[in-house]
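In: structure of the sequence below:
(2 chains)
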Amino acid sequence: MYRTKTCGELRLADAGQTVTLAGWVQRTRKMGGMTFIDVRDRYGITQVVVEEASPLFEVANRLGREWVVQVTGAVGERSSKNTHIPTGDIEILATELRVLNESQTPPFTIEDQSDGGDDLRMRYRYLDLRRTPVRRNLELRHRMTMEVRRYLDSLGFLEIETPMLIGSTPEGARDFVVPSRMNPGQFYALPQSPQTLKQLLMVSGMDRYFQIVKCFRDEDLRADRQPEFTQIDCEMSFVTQEDILQTFEGMAKHLFRELRGIELEGAFPRMMWADAMKYYGSDKPDTRFGMRFVELKDLFAQAPGFTVFDDAKYIGGICATGQAAYTRKQIDQLTDFVKRPQIGAKGLVYARVQDDGSVKSSVDKFYTQEVLQQLRQRMDAQPGDLILILSGDDAMRTRKQLCELRLEMGARMGLRDKNTFSLLWVIDFPMFEWSEEEGRLMATHHPFTHPKDEDIPLLDTDPAAVRADAYDMVCNGVEVGGGSIRIHDPELQDKMFRILGFTEERAQEQFGFLMNAFKYGAPPHGGLAYGLDRWVSLFAGLDSIRDCIAFPKNNSGRDVMLDAPAALEQKQLDELCLNIVAPQK
RNA sequence: GGUGCGUUAGUUCAGUCUGGUUAGAAUACAUGCCUGUCACGCAUGGGGUCACGGGGUCGAGCUCCGUAUGCACCGCCA
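Out: Numbering: from 1, shown residues only, chains lettered A, B, ... in the order given. The predicted model follows:
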């Protein structure tokens, strides 16, 4: 046995015991006549003392950072305590000190506040994972999957694995593909989600399924998007949308209770997609704060000499409470912010409500105080408030711009606190979206999503107006999960494929397996998938999901530690019959 | 496919606006001193292809163009 105790568990009550610890040298402090060694493992840090008189003194002074050591000695009370760490009252007076392994000087110091940048941390991720903050994220992730399994198991869900090598489907994200050696010229695809497989499990009568499962999407990365990521994938039979929302709202509450000690009271608010877009300009509104949009188009008639609003199809405002003291410079910063190419607004109109109730705005020259007072009333603005207005000739685009402005103001006003959580359901998503690129309607969620019963007649007359039994769970402006009731009627499914522009042959070719299964008695079913990485990030207050993934990819989809992806040997390529010539080395 | 910001010591950064002697700091590392440190302290020392290529200039870390690469974002992500 290499150790009898860990480096995090010894306390004053253990004084007098002889123990053996093993771990990494965090650092040594040589005082001349004595040397302190901080030994670290994943449980904590314990101080070891070696005095000059000890035969171990020479070894102790030779130790370098990150050497692996084994120490035996008596637990003693420290004469001067360290109140910063749990083991700070005790130390080990070493009687044995063995070097289990030496270490090169690490490229960055293993400390909570790392001095390594992202790229270096990824290159030496195994060292980065020795750092407490990163390790804690993985610990939290572990506890979360344990709690998910506990909750779902208690409700009778079965965890069932589905294959990683499946067929490619052109709908949705790009697939990662895997060539098949035994079937030359043919390819598997890695699942973007086990969507159709879990629906088949419902046909099989599995009733309540879940899986904590890797999913793969060959799309560009973001701070919250990795090419492989983990879903908590769930499906239930004989349920309504209401049943599903209840079940998974329960799971969210369970996770908050067990992992954050937060009791979420009452049912989660539900917001129709159309309202989310109208009041927040987003299908994932951050509801930690208000500042809802107010439409102002009818208020601002054409004014001589002022052309900004002339072509506006949409004029919308938000009211920033108590921000009337914003300086000209701050307003200019906001204007620059909305004019950035990523946002693309033309400009910003502002109005301050003065202490006496009068409104001082950037459009004073063009609108009477009467109109401005109506504005103030419409915005429900009080003295001291700042009204910000955007306009544009494309209502949807302008709402998105206003959404960015709202989030920016929320951040500036400190209203986006990482320890405040505001959850809601966004429901009644539109069934279809028009794709300019494809020149056809595309499924907003996926082609198996059930339309709302009352909208089914519209499928024939006005498909773009059809809403779906689809829902997202949103927390603090992050989509943490989403799902839908699925179609279980083959005829309705056929109709959906037709609207989506599938020929019968193509629908059969790509989804024939599912359509055939549905001919043998598909139960009504629906489900949801949570993004595990996003949940962990949210609970840990992370800016990027990378920090809760042991070995993530960088912005370009590369694993800089493994140096993957990489070219293959010609022999491997030849076996796969890909007719690719390997690059010369 | 696009936009923005970056790339200088092992590491984190300053220096770039306003080109001009030997490119600095902190930290890490090495050596020495120190018996109560815990961000130990003190002293000394080593450590640089200023990402790469090109232009312009008497002269470039600094200016211009291109490339690579990192991060954030837009497009994309059923």
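In: ok, residue A:234 - how many residues close by?
Out: Neighbour count for residue A:234, taken as other Cβ atoms under 10 Å: 24. For every residue, glycine as well, the C-beta is placed using N, CA and C.
In: please name the bridge partners of the closest residue to it other than its chain neighbours.
Out: Nearest non-adjacent residue to residue A:234, counting by Cβ to Cβ, 6 or more residues apart in numbering: residue A:210, 4.5 Å away. Here residue A:210 shows beta-bridge partners residue A:159, residue A:234, assigned using DSSP bridges.
In: wait, isn't residue A:210 in contact with residue A:158?
Out: Yes. Between residue A:210 and residue A:158 there is a contact at 7.4 Å, judged by Cβ atoms under 8 Å.
In: so between these two, which is more surrounded?
Out: The neighbour comparison of residue A:210 against residue A:158 (other Cβ under 10 Å) goes to residue A:210, with 27 against 13.
In: mind checking pLDDT for that one?
Out: Predicted confidence (pLDDT) for residue A:210: 98.
In: give the rounded mean pLDDT of stretch A:329-340.
Out: Confidence over stretch A:329-340 (mean pLDDT, whole number) is 87.
In: what's the neighbour count on residue A:192?
Out: With other Cβ under 10 Å as criterion, residue A:192 counts 22.
In: identify the residues contacting it.
Out: A:169, A:172-173, A:175, A:215-217 (Cβ atoms under 8 Å, 6 or more residues apart in numbering).
In: now with 7 Å, please.
Out: A:172-173, A:175, A:215-217 (Cβ atoms under 7 Å, 6 or more residues apart in numbering).
In: give me the subset of those residues touching RNA strand B.
Out: For RNA strand B, the contacts drawn from the contacts of residue A:192 by Cβ under 7 Å from any atom of the strand are A:172-173, A:217.
In: next, the closest residue to RNA strand B within the stretch 351-500 of chain A: secondary structure please.
Out: Proximity of the stretch 351-500 of chain A to RNA strand B (Cβ to the nearest atom of the strand) peaks at residue A:446, 3.6 Å away. In three-state terms, and counting by DSSP: H, G, I helix; E, B strand; the rest coil, residue A:446 is coil.
In: can you pull the contacts of it?
Out: A:172, A:195.
In: which one of the ones next to RNA strand B among the contacts of residue A:192 has the most neighbours?
Out: Busiest of those [other Cβ under 10 Å] is residue A:217, holding 20 neighbours.
In: quick check: residues of the stretch 401-550 of chain A near RNA strand B?
Out: So far as Cβ under 7 Å from any atom of the strand goes, the stretch 401-550 of chain A lies against RNA strand B at A:437, A:442-447, A:543-544, A:546.
In: filter the residues you listed down to the buried ones and hand me the ChimeraX line.
Out: Buried members of these, defined by 16 or more other Cβ atoms under 10 Å, are picked up in ChimeraX with:
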select /A:442,443,444,445,446,447,544,546
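In: greatest separation within the residues of the stretch 401-550 of chain A next to RNA strand B: which pair is it?
Out: Maximum pairwise distance in those, criterion Cβ to Cβ, is 34.3 Å, between A:447 and A:543.
In: for the record, mean pLDDT for the helix or strand containing residue A:351?
Out: In this assignment (DSSP states H and E), residue A:351 forms part of strand A:349-353. On average, the pLDDT along strand A:349-353 is 96.
In: which strands and helices lie in contact with that strand?
Out: On a contact count with 3 or more Cβ pairs under 7 Å, 6 or more residues apart in numbering; DSSP states H and E, strand A:349-353 meets strand A:359-361, helix A:369-379, strand A:386-392.
In: great, nothing more from me.
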